[in-house]
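*Asks:* Build me a model:
(one chain, ligands or ions: 2)
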Amino acid sequence: MILRGTTAVRGKASGRLLILKSRRRKRRRKLTFDQLKEEVKRYRDYLHRISLDVGGGSIFRVYEAILQDPQLWEKVQSLMEGGERDAFKAFYRVIEAYSGELSRSGHEKFENLGLELRMWLRDFDNFVRGQHSDIIENSAGSIIVADELNIMDVFRIIKYGVAGVVLEKGSLTSHPILMLKSRGIPTLIKVKGAISSARRYRYAFLNATDGFVEFSRKPFEVQVEERPQINAILDRGGRLRTADGQEVVLQINVDIPEELEDFRGLDVGLFRTEYLYLMGIVSRDDQEYIYRKLSELVYPNLLTIRLFDLGGEKVPLGMDIPPHVRGIRYLLEYNRKLLMDQIEAINRASVRGNIRVLIPMVSTVEEVMEVRRILRADIPLGIMIETPASALITDRFKKHVNFFSVGTNDLSQYVMAIDRRVSDYRFHPSIFRLVWYSFDKLRYQRERYSVCGDLAANRMGLLALLSLGIRVFSVPPAYIPEAAQLIAKVDGETLNRVFRHIMISYSERDVEEVLSSVLREKGMEKTSSEISG
Ligand code: PEP
Ligand code: MG
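*Replies:* Numbering: from 1, shown residues only. Ligands and ions are numbered 1, 2, ... in the order given. The predicted model follows:
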């Protein structure tokens with residue numbers, strides 16, 4: 001049985017099918033001490049069942065040991081005596097403190113355990129809400145079929161080595177999909193009837209490159225694709241040349257720190273710190289530790305730390321974020337303490353001189369000035385251009401910031417009045433006109449201007465952005481080889497032609513036509529992911 005969909009992340013994979021139940025996040029009720037103990041007991045039984053299923057994972061035994069530790073319960077009780085009314089919150093704080101100590105221990109084994117504990121805590125929270133994820137240790141190598149995914153699911157997919165993903169819904173620039181793209185996990189979205197069809201089979205062959213998935217009752221024999229070599233790109237520090245010798249710089253977007261390991265040698269153009277927050281790395285000390293470590297790891301390359309972009313899809317456990325605020329606006333208006341802690345952690349971690357700070361969702365100059373006041377003066381500061389407001393007044397920011405980075409995912413959402421979680425609009429001429437308008441203010445200092453949104457991680461989008469004159473791009477690591485391939489094939493004459501066409505286009509289709517005809521000319525066929533979904 002074969003079903004077609006839209007390519008979100010190219011690649012092929014085969015494996016056992018794992019169908020996820022659909023879940024809506026529910027509110028958790030306050031727990032008394034006894035209720036908490038009862039929930040923990042249920043959870044331990046549940047872990048026990050799973051650990052029998054998967055042959056007894058060592059990590060489950062660690063959780064068990066922690067849950068049986070009388071000191072843990074004494075600490076929870078003393079927090080409650082000190083005024084905490086929700087036993088779950090008290091429990092949460094105690095476990096967080098444990099994991100913080102482990103993460104900062106300086107021993108790799110304990111650091112990993114610290115992270116594990118935080119993920120597990122979120123798992124337990126989901127369990128209490130009746131929404132436990134089905135992605136577990138024995139999901140390695142399987143193909144997941146679901147209606148949609150949330151960010152925690154994707155953490156688990158990465159952690160447990162899931163081979164591929166097939167979704168009934170999904171959009172190309174939603175955060176869960178961008179995380180899968182960073183990791184290069186083959187993903188097909190908008191596959192109608194995937195769940196009901198998959199139920200009748202046990203195995204899947206996913207060919208996300210060509211936009212289809214095949215289900216079967218027997219395992220598939222598939223040759224594993226070789227990963228393209230990127231050493232030459234790393235050796236050049238991501239500084240590449242077009243066919244006629246113009247320099248283009250490729251940097252990487254990092255969602256989860258481990259992604260960095262294979263890409264040392266490149267600048268990090270965007271580090272989305274809110275994922276750290278979602279994994280439970282919240283305290284100033286934990287943050288300082290991680291920023292310092294990452295800065296060491298990428299040195300002498302740049303580490304661009306984006307301040308927490310919370311809100312929208314990225315709302316951590318137990319946090320109430322009004323739906324109308326996100327990014328810097330949330331930090332300034334609702335959670336200054338979080339902002340101060342993050343900046344303080346960055347100020348302290350910045351010893352090598354390679355850390356830069358990027359502010360998300362900026363719309364006014366005052367927001368920048370507030371951050372500038374508390375950030376150490378020698379740390380370069382930049383802003384995301386991802387609200388139409390910031391794109392339209394780019395010139396007003398010039399003397400206050402060191403660099404700019406266009407977030408095309410949000411910029412497109414706000415220009416086109418769509419919700420990026422459910423739909424995409426990528427090649428509308430208005431988006432390019434607006435980016436051009438903004439970039440034009442820096443055209444003589446173009447090394448200060450870059451794009452880190454997903455439009456650059458798509459051959460048609462990258463071609464269009466190159467045609468505007470932009471020469472610095474930050475893309476998901478897995479997209480680096482493809483971007484390099486395109487850059488090597490284009491030249492000034494082609495880019496001018498593309499630029500003229502885009503500027504006189506009436507519709508998204510007009511833009512797509514010129515971009516795909518140039519790709520064909522260069523021997524790079526477009527894929528379904530390059531057509532807006
Ligand atoms: C963007 O909006 O394009 C961007 C890079 O930020 P995020 O995807 O994290 O919102
Ligand atoms: Mg954004």
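*Asks:* check contacts around the closest residue to Tyr98 other than its chain neighbours.
*Replies:* Leaving aside its sequence neighbours, Tyr98 sits nearest to Leu117 (Cβ to Cβ, 6 or more residues apart in numbering; 6.4 Å). Yep, even glycine has a C-beta here, placed from its N, CA and C like the rest. Residues near Leu117 by Cβ atoms under 8 Å, 6 or more residues apart in numbering: Ile66, Ile95, Tyr98, Ser99, Leu102.
*Asks:* how about the residues of the chain near ligand 1?
*Replies:* Leu178, Arg272, Asp309, Glu386, Gly407, Thr408, Asn409, Asp410, Cys452, Gly453 (Cβ under 6 Å from any ligand atom).
*Asks:* May I see those residues organised as CSV, with neighbour count, pLDDT and distance to Tyr437 added?
*Replies:* Below are the residues of the chain next to ligand 1 laid out as CSV (neighbours: other Cβ atoms under 10 Å; pLDDT from 0 to 100; distance: Cβ to Cβ, whole Å):
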residue, neighbour count, pLDDT, distance to Tyr437
Leu178, 23, 91, 25
Arg272, 24, 96, 26
Asp309, 26, 97, 24
Glu386, 27, 97, 15
Gly407, 28, 98, 16
Thr408, 26, 97, 14
Asn409, 21, 96, 19
Asp410, 23, 96, 17
Cys452, 29, 98, 19
Gly453, 30, 97, 16
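*Asks:* which residue ranges form the helices in the stretch 201-350 of the chain?
*Replies:* Residue ranges of the helices in the stretch 201-350 of the chain, as given by DSSP state H, counting those that start in this stretch, are 231-235, 274-279, 284-298, 327-334, 336-349.
*Asks:* With ligand 2 as the reference, name the closest of these.
*Replies:* With Cβ to the ion as the criterion, ligand 2 lies closest to helix 327-334 of the helices of the stretch 201-350 of the chain, at 7.4 Å.
*Asks:* give me phi/psi at the nearest residue to Asp86 once chain neighbours are set aside?
*Replies:* The spatially closest residue to Asp86, leaving aside those adjacent along the chain, is Lys30, at 4.4 Å (Cβ to Cβ, 6+ apart). Phi and psi for Lys30, reported as degrees, to the nearest 10, are phi -70, psi 140.
*Asks:* Report the contact partners of Ile151.
*Replies:* Contacts of Ile151 by Cβ under 8 Å, 6+ apart are His175, Pro176, Met179, Tyr275, Leu278, Glu313, Lys314.
*Asks:* now the third one, what's its secondary structure?
*Replies:* I take that to be Met179. helix (DSSP: H, G, I helix; E, B strand; the rest coil).
*Asks:* who's in contact with it?
*Replies:* Ile151, Val154, Ile158, Asp255, Ile256, Tyr275.
*Asks:* Make TSV out of the residues you listed and add pLDDT.
*Replies:* Listed next are the contacts of Met179 as TSV, based on pLDDT from 0 to 100:
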residue	pLDDT
Ile151	80
Val154	87
Ile158	87
Asp255	89
Ile256	83
Tyr275	88
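*Asks:* Save the residues you listed as CSV, and put in distance to Arg122 too.
*Replies:* Putting the contacts of Met179 into CSV (distance: Cβ to Cβ, whole Å) gives the following:
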residue, distance to Arg122
Ile151, 10
Val154, 13
Ile158, 14
Asp255, 16
Ile256, 14
Tyr275, 12
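*Asks:* what's the closest of these to Val166?
*Replies:* Distance to Val166, by Cβ to Cβ, is smallest for Val154 among these, at 14.2 Å.
*Asks:* from memory the closest one sits against Ser182, does it?
*Replies:* No. Assessed by Cβ atoms under 8 Å, Val154 is found out of contact with Ser182, at 9.6 Å.
*Asks:* Run a quick neighbour tally on Glu313.
*Replies:* 14 (other Cβ atoms under 10 Å).
*Asks:* Could you pull up phi and psi at it?
*Replies:* Torsion angles at Glu313 (phi, psi; degrees, to the nearest 10) stand at phi -80, psi -10.
*Asks:* Give me the next element, helix or strand, following the lowest-mean-pLDDT helix or strand in the chain.
*Replies:* When each helix and strand of the chain is scored by mean pLDDT, DSSP states H and E, helix 58-68 comes last, with a mean of 70. Toward the C-terminal end, the helix or strand that comes next after helix 58-68 (DSSP states H and E) is helix 70-81.
*Asks:* Pull out the buried residues from that next one.
*Replies:* Along helix 70-81, these residues count as buried under the neighbour rule (16 or more other Cβ atoms under 10 Å): Leu72, Trp73, Lys75, Val76, Leu79, Met80.
*Asks:* So the first one sits against Ile66, correct?
*Replies:* Read that as Leu72. Yes. Between Leu72 and Ile66 there is a contact under Cβ under 8 Å: 6.5 Å.
*Asks:* shared neighbours of these two, which are they?
*Replies:* Counting by Cβ under 8 Å, 6+ apart, the residues touching both Leu72 and Ile66 are Ile95.
*Asks:* Looking at the residues of the chain next to ligand 1, which are in strands?
*Replies:* Residues of the residues of the chain next to ligand 1 located in strands (DSSP state E): Arg272.
*Asks:* If we ignore the residues flanking it in sequence, what's nearest the residue of the stretch 51-200 of the chain found nearest ligand 1?
*Replies:* For the stretch 51-200 of the chain and ligand 1, the shortest gap (Cβ to the nearest ligand atom) falls at Leu178, measuring 5.8 Å. Closest residue to Leu178 apart from its sequence neighbours, by Cβ to Cβ, 6+ apart: Asp454 at 6.1 Å.
*Asks:* try Thr408
*Replies:* Going by Cβ to Cβ, 6+ apart, Thr408 has Gly453 as its nearest residue, at 2.9 Å.
*Asks:* hang on, isn't the one you found packed against Tyr414?
*Replies:* No. The pair Gly453 and Tyr414 does not pass the contact test of Cβ under 8 Å, sitting 12.0 Å apart.
*Asks:* can you give me the strands for the stretch 351-500 of the chain?
*Replies:* 355-359, 381-385, 403-406, 449-451, 472-475 (DSSP state E, counting those that start in this stretch).
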